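Peer 1: fold the following for me, if possible:
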Amino acid sequence: MLILSVIGIFLVAGCVANQTAPTTQQPNASSNNSQPAAQQQPKTKQIAVDSYNLHAVSIRNVGNETIQMAEIAVYVNGDLKQCTWDSETMPPYTVRRCSFSGDCEGGQKILVMGPENLAEIKC
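Peer 2: Down below sits the predicted model:
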């Protein structure tokens, strides 16, 4: 009788050990599936001033989405300028030029308002 009790304890212990082994591996398998979603970058429409002169400013799209030129406003010394753009859109990592009438004199500020940020520089 004692022998049957000892054998029964070993059988129960063996079953418990076999049942717990697969459950410790399941969380690792599911965590690998969520990793690609965490690596996706958010979409942005960010700008920066690339260069300027007395009658123009060049804007760089430093984001990862295309920007419509109608989404950008250029001010010189607080005055909104009517831009003549060299294109209607600005794909990511490209530069577009805004030509305007009037001069940007020394010390005046060029302010460029983009869809998500501002960029400024002094003439």
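Peer 1: please make it C-alpha for all contacts and neighbour counts, starting now.
Peer 2: Noted.
Peer 1: and the helices in the protein?
Peer 2: Assigned by DSSP state H, the chain shows helices spanning 2-33, 35-38.
Peer 1: least reliable of those going by mean pLDDT?
Peer 2: Set side by side, these show their lowest mean pLDDT on helix 2-33, which sits at a mean of 44.
Peer 1: burial of the closest residue to residue 46 other than its chain neighbours, as a residue count?
Peer 2: Excluding its sequence neighbours, the residue lying closest to residue 46 (Cα to Cα, 6 or more residues apart in numbering) is residue 63, at 4.6 Å. Look at residue 63: counted by other Cα atoms under 10 Å, it has 19 neighbours.
Peer 1: contacting residues around residue 63?
Peer 2: 43-47, 92-93 (Cα atoms under 8 Å, 6 or more residues apart in numbering).
Peer 1: ranking by neighbours, what's the top pick from those residues?
Peer 2: Neighbours here mean other Cα under 10 Å. Within the contacts of residue 63, the largest count is held by residue 47, at 24 neighbours.
Peer 1: relative to residue 92, how far out is that one?
Peer 2: 10 Å (Cα to Cα, to the nearest Å).
Peer 1: what's the overlap in contacts for these two?
Peer 2: 61-63.
Peer 1: now those residues as CSV including pLDDT and distance to residue 104?
Peer 2: Listed next are these as CSV, based on pLDDT from 0 to 100; distance: Cα to Cα, whole Å:
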residue, pLDDT, distance to residue 104
61, 98, 22
62, 97, 24
63, 96, 27
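Peer 1: reformat those residues as JSON lines; add distance to residue 111.
Peer 2: Below are these laid out as JSON lines (distance: Cα to Cα, whole Å):
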{"residue": "61", "distance to residue 111": "15"}
{"residue": "62", "distance to residue 111": "16"}
{"residue": "63", "distance to residue 111": "18"}
